[in-house]
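**Q** Here is a sequence with its predicted model. Questions after.
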Amino acid sequence: MKSLLLLTASGPLLVLTSHQSLDDLKLLGVLRQKGIGKFVAFEVPLSLARERYGGHFQAVESNLHETDDLRVLDFNGQRVFQLFRFEELGSPMLIEQS
């Protein structure tokens, strides 16, 4: 499982996914279907997301299944930016799908 901070045109999202890589074509397809084709992504250490979101993380994680491989943990950009420092995140990945 991965936790990703996505900076999208409509704002930041923190998502959990069962995909092992952001390069996964199926994951990119799911994001594109949701209208997210161009974004900057940062991997958030799973242990850090679990610590900062506590019970909410556990509730979202427990609903993550192979058939439902992407779940939004947080769509409140202000909260996401307050909970994580850039130095805690992985290197930025730039994704632009046509």
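**A** Nice, thanks for sending it over.
**Q** same question for the helix or strand containing L13, mean pLDDT?
**A** Per DSSP states H and E: L13 is located in strand 11-17. Average pLDDT, strand 11-17: 93.
**Q** do stretch 73-87 as well
**A** Averaged across stretch 73-87, pLDDT comes to 93.
**Q** The helix ranked longest in the chain to strand 11-17, inter-axis angle?
**A** Of all the segments of type helix in the chain, defined by DSSP state H, the longest one is helix 46-62. Counting by axes from the mean of the first three to the mean of the last three CA atoms, to 10 degrees, helix 46-62 lies at 80 degrees to strand 11-17.
**Q** What are the buried residues along helix 46-62?
**A** A49, R50, R52, Y53, F57, V60, E61 (16 or more other CB atoms under 10 Å). C-beta: built from backbone N, CA, C; applies to glycine.
**Q** Ok, stretch 33-42 next?
**A** Going by neighbour count (16+ other CB under 10 Å), the buried part of stretch 33-42 is I36, F39, A41, F42.
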